[in-house]
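Trainee: Return atomic coordinates for the entry below.
(2 chains)
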There are 2 protein chains.
Amino acid sequence: MTRITDASTDRVMSLESINQKVVQFEYAVRGAQAIRAEQLRKQLVEGPNDLPFKEIVSCNIGNPQQLKQLPITFYRQVSALCEYPDLMNAANLPVTSKIFAKDAIERAKELLTAMGGSTGAYTHSQGIPLVRQRVAEFIEKRDGFPSDPDSIFLTAGASPGVQMVLQTLISSDDVGIMIPIPQYPLYTASISLYGGNAVPYYLDESKDWGLTLEELTRSIKDGRSKNYQVRALCVINPGNPTGQCLPIDSMRQIIEFCHRENVVLMADEVYQTNIYKPEELPFHSFKKVLKSMGSKYESVELFSFHSVSKGTIGECGRRGGYFECTGIDSSVKEMLYKIASVSLCPPVQGQLMVEHMVHPPKSDGDSYALYKKENLAIYDSLRRRAEKLASAFNSLEGVTCNSAQGAMYLFPRIRLSAKAVQAAMDADQAPDAFYSMALLNTTGVCVVPGSGFGQVDGTYHFRSTFLPPEELMDQFIGNIKAFHNEFMKKYA
Amino acid sequence: MTRITDASTDRVMSLESINQKVVQFEYAVRGAQAIRAEQLRKQLVEGPNDLPFKEIVSCNIGNPQQLKQLPITFYRQVSALCEYPDLMNAANLPVTSKIFAKDAIERAKELLTAMGGSTGAYTHSQGIPLVRQRVAEFIEKRDGFPSDPDSIFLTAGASPGVQMVLQTLISSDDVGIMIPIPQYPLYTASISLYGGNAVPYYLDESKDWGLTLEELTRSIKDGRSKNYQVRALCVINPGNPTGQCLPIDSMRQIIEFCHRENVVLMADEVYQTNIYKPEELPFHSFKKVLKSMGSKYESVELFSFHSVSKGTIGECGRRGGYFECTGIDSSVKEMLYKIASVSLCPPVQGQLMVEHMVHPPKSDGDSYALYKKENLAIYDSLRRRAEKLASAFNSLEGVTCNSAQGAMYLFPRIRLSAKAVQAAMDADQAPDAFYSMALLNTTGVCVVPGSGFGQVDGTYHFRSTFLPPEELMDQFIGNIKAFHNEFMKKYA
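Mentor: This is a model prediction of the structure:
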């Protein structure tokens, strides 16, 4: 009955004993840089003058409202009314109708009715039926093809949807999932966590991070040569971290590839409204392109993901999103429902924000003019900041950066000297992690090293959002330039 | 290149090809009964007079606000203010301060500051630091022992926390996790999904669903005889579906057992304020009991789960909860952080509700009197309904039902005739599923068959919440009685 009380020696849970898939996966967006940034943030609270900068600028994550992007007024008015419906009772309405727009009040009432009167109840595990219906209407209008509310799953952001599908796809340790390199690390992390194998295909930096059929073919052959059952192809469009927008021909090739090779297509389309060259490279959904290719391709299995965290909405904290199933067997949808039901339901405020995203204020409503103005101001500012930051990166010694056709990120390539690479090796860090950590410690700017997304061997990158507020852009860029010049000089 | 266009024949994803763990797990709370109830609900919309009842009464799930429980005013005022901070700007405040309590406005301002100004940003992946600090203060006050905010993880309800820990614990297919029978099916579903093995221990219906050391010992021996590495013991206290509250002696035995057998203790304490015999059977947290047993037990590894969905709060739709790690190695906590970070952060409105739960209005604030009144009214009503429904069940032919010492459920035992059992077998249903489905089809009352929770072989039960509104209780009970008498007569 006696036992050693030094717990560390015989704990049930240790790094050696727990699920090794949990130990091994990596998620760089909230990795070493983010953890260090958190420490520095605490240090700045304790001693605001102790560091060579006054604040942490979190460019490691697409989190617009953390960097002072304002929410859309209509959305928040509806949220507040749904949270506290007493604002709309007979006693308060004469007062509150001076603050809240008429169409916001109508929308709140409609949504409250649709969810049985309260945001505090669990909803249907796939999401409130009215919200799914609105999503289906949005998709139909966007694409010109029918959409079925029962094939739509509301989720807590896009990530849990991606995870749910991967968990279902990965039936054994020989399943392969094709992913772009560079990729958003949700994919490598989840594939690893569920015990599958990432099968990388490379985006071509010299061609604006484009994707070729030859590379897809090389990739799947490579996966199969390792005896993987390659079951799915993940495409992020617009790209993350790379910001490219796929031309429609490229999308058709991808669909033909999925059809020919019999792989499921997972289309991460969370940046579908972050499109900065809409004339040249407008957004097309994979659903639309697939449906427009005719009945030959009907058998292609497609999951399309969307989120309220991106676009001009940027409501990350709410955790709202959805995925649509196209060509998915109904028995498989039942299994997805079962997984969803164990978590009971997606957060209601996330579901409501999905409703607002797909069903913004109508043009004859009180809120429309302000909505239009706010939306456009955010969009235009994102586009300006994207250009400005790309041009700043391109002005740096040894740095080249494709412009962002879409999304919220730039992924500049940095050419580091042999001396810098050696210093990184001495510090037991990847060279771009070494660079990014020095940037953070010197300027407070937190970015994610390219090694966290994958890159061609021997190349170095980092991902930075272009979300710092416009009025701080010059200072932000100035700090990065000063650091970069210093760093290059030090390791010349 | 040609392929069969009948997709069903060669889909990548079919019931046969996908992850069989996904196919096999069961989650009864949203299973066949809930799906049928949804169909009937739709039918009632189309033809309100087509069925022998006018509405579906969802007693399958602890979802108080769906059954018209009102939210606590203070909580919702703070939520609305956080959603739309313009309510507190200089122009609006003169008006809104007539509607919103002063302490609600102060709280909203404090919370907005703590999260950087907006509910729309991702927070720290473990949750907003201030909220975790408040949780730690709450635990310290409740238990009289220190609590560390860095050992607290905010989650989207208790369920994802339980899943995160199970996923980490289950390192291979020979890991065993001890669970009570009957149990809340989150446990069997998740253990199965992560590829572990449920090791059942039985609660004793004849002793108010009590738990004995003998039974725990039998259970772990049984698990080990199957060559399982038994790694954890899950306890639900107060019990779900059984409603029992553990006496402190029993809790000490459980802790000694975990210590002796070297298993992690997972304490599901989401019903900690749903205590209906507070003098006889007050709630004690496992953390407090463990810490009060002295340094010998310091090495016990404990996870304690809590939620905003239950208690008198019932804010299920928000998806808020937390777990506290006690005696968990810091490297393991880092891995839990990594899992949390892939989902970016728990829903902000869920986090805020956790703050309110652990830090209700202060006694000198404007909101206190109303808060007290609302809280007590909900609590008293729950207690009355628990008694009333238990006594109604006990009045039925062949039914016995332990009273609810805690939680939100009754789990009556029904003795079914051989003829009824035969009819169920002919319908290819478990006898209690057959009974529950007949109840649903006849009365619109949706309960969950005992087979979904596990029960001693040859016994039949169902779980019903006691959440229908008090003013409808007599009618609700009358409908169940009429159905039951009819059913018993039919299968006599």
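Trainee: Give the buried residues for the lengthiest helix in chain A.
Mentor: Taking DSSP state H as the criterion, chain A has its longest helix at helix A:368-394. The neighbour-count check on helix A:368-394 (16 or more other Cβ atoms under 10 Å in any protein chain shown) flags A:368, A:371, A:374-375, A:378-379, A:381-383, A:385-386, A:388-390, A:392-393 as buried. C-beta here means a position set from N, CA and C on the backbone, and glycine is covered the same way.
Trainee: Kindly report the same for stretch A:72-90.
Mentor: Across stretch A:72-90, burial judged by 16+ other Cβ under 10 Å covers A:72-88.
Trainee: Give me the mean pLDDT for that stretch.
Mentor: Averaged over stretch A:72-90, pLDDT sits at 97.
Trainee: So is it next to chain B?
Mentor: Yes: using Cβ under 8 Å from any Cβ of the partner chain, stretch A:72-90 reaches chain B at A:73, A:76-77, A:79-81, A:83-84, A:86-87.
Trainee: residues contacting the closest residue in space to A:Val57 that isn't next to it in sequence?
Mentor: Among residues not flanking A:Val57 along the chain, A:Val445 sits closest, at 4.9 Å (Cβ to Cβ, 6 or more residues apart in numbering or on different chains). With contact set as Cβ atoms under 8 Å, 6 or more residues apart in numbering or on different chains, A:Val445 has these partners: A:57, A:59, A:439, A:464, A:476, A:479-480, A:483.
Trainee: For A:Val348, give its distance to B:Gly120.
Mentor: When distance is defined by Cβ to Cβ, to the nearest Å, A:Val348 is 16 Å away from B:Gly120.
Trainee: cool, A:Pro247 as well?
Mentor: Remark: distance between A:Pro247 and B:Gly120 (Cβ to Cβ) = 33 Å.
Trainee: who has more neighbours, these two?
Mentor: The neighbour count for A:Pro247 versus B:Gly120, taken as other Cβ atoms under 10 Å in any protein chain shown, is higher for B:Gly120 (28 against 17).
Trainee: Might one say that the more buried one is in contact with A:Gln65?
Mentor: Yes: the criterion here is Cβ atoms under 8 Å, and B:Gly120 meets it with A:Gln65 at 3.9 Å.
Trainee: what sits in contact with each of these two?
Mentor: Shared contacts of B:Gly120 and A:Gln65 (Cβ under 8 Å, 6+ apart): A:71, A:314-317.
Trainee: out of these, which is most surrounded?
Mentor: Result: A:Gly317 is most packed of the shared contacts of B:Gly120 and A:Gln65 (other Cβ under 10 Å), 35 neighbours.
Trainee: now that residue, what's its secondary structure?
Mentor: Assigned with DSSP: H, G, I helix; E, B strand; the rest coil, A:Gly317 falls in the helix class.
Trainee: Please determine how far it is located from A:Leu211.
Mentor: From A:Gly317 across to A:Leu211, the span is 32 Å (Cβ to Cβ).
Trainee: now do A:Glu140
Mentor: For A:Glu140 relative to A:Leu211 (Cβ to Cβ), the value is 28 Å.
Trainee: So chain A: which segments form each domain?
Mentor: Using the TED database, the domain parsing of chain A gives A:20-67+A:374-491, A:129-358.
Trainee: do stretch A:317-329 and chain B meet?
Mentor: Yes: Stretch A:317-329 reaches chain B (Cβ under 8 Å from any Cβ) through A:317-319, A:327-329.
Trainee: hmm, which two among those are most spread apart?
Mentor: For the residues of stretch A:317-329 next to chain B, the farthest-apart pair by Cβ to Cβ is A:Gly317 and A:Asp329; their separation is 34.9 Å.
Trainee: Adding pLDDT, write the residues of stretch A:317-329 next to chain B out as JSON lines.
Mentor: Below are the residues of stretch A:317-329 next to chain B laid out as JSON lines (pLDDT from 0 to 100):
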{"residue": "A:Gly317", "pLDDT": "97"}
{"residue": "A:Arg318", "pLDDT": "96"}
{"residue": "A:Arg319", "pLDDT": "97"}
{"residue": "A:Gly327", "pLDDT": "97"}
{"residue": "A:Ile328", "pLDDT": "97"}
{"residue": "A:Asp329", "pLDDT": "96"}
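Trainee: nearest to A:Ile105, of those?
Mentor: Set against A:Ile105, the nearest of the residues of stretch A:317-329 next to chain B by Cβ to Cβ is A:Arg318 (20.6 Å).
Trainee: Just confirm that closest one contacts B:Val348, I think it does.
Mentor: Yes: when contacts are counted by Cβ under 8 Å, A:Arg318 is listed as touching B:Val348 (6.7 Å).
Trainee: Need the residues touching each of these two.
Mentor: Common contact partners of A:Arg318 and B:Val348 (Cβ under 8 Å, 6+ apart): B:119-120.
Trainee: What distance do you get for A:Gly450 to chain B?
Mentor: According to Cβ to the nearest Cβ, to the nearest Å, A:Gly450 stands 19 Å off from chain B.
Trainee: Same check on A:Val456?
Mentor: Note on A:Val456: its distance to chain B, by Cβ to the nearest Cβ, is 25 Å.
Trainee: Over to A:Gly350?
Mentor: As judged by Cβ to the nearest Cβ, A:Gly350 and chain B stand 6 Å apart.
Trainee: which SS state does that residue fall under?
Mentor: Secondary structure, three-state DSSP: A:Gly350 is helix.
Trainee: Now do the contacts for it.
Mentor: Going by Cβ under 8 Å, 6+ apart, A:Gly350 touches A:154, A:156-157, A:308, A:318-321, B:347.
Trainee: Now do the helices in the stretch 101-250 of chain A.
Mentor: For the stretch 101-250 of chain A, the helices defined by DSSP state H, counting those that start in this stretch cover A:102-114, A:129-143, A:158-169, A:186-193, A:213-225, A:248-261.
Trainee: Now do the last one: which elements does it pack against?
Mentor: In terms of contacts (3 or more Cβ pairs under 8 Å, 6 or more residues apart in numbering or on different chains; DSSP states H and E), helix A:248-261 is packed against helix A:213-225, strand A:229-236, strand A:264-268, helix A:286-292.
Trainee: if we go to 7 Å?
Mentor: Judged by 3 or more Cβ pairs under 7 Å, 6 or more residues apart in numbering or on different chains; DSSP states H and E, helix A:248-261 is in contact with helix A:213-225, helix A:286-292.
Trainee: now it against strand A:229-236, angle please.
Mentor: Angle between the axes of helix A:248-261 and strand A:229-236 is 170 degrees (criterion: axes from the mean of the first three to the mean of the last three Cα atoms, to 10 degrees).
Trainee: which parts of helix A:248-261 are buried?
Mentor: For helix A:248-261, using 16+ other Cβ under 10 Å, the buried residues are A:250-259, A:261.
Trainee: Chain B: which of these is nearest?
Mentor: A:His259 (7.4 Å; Cβ to the nearest Cβ).
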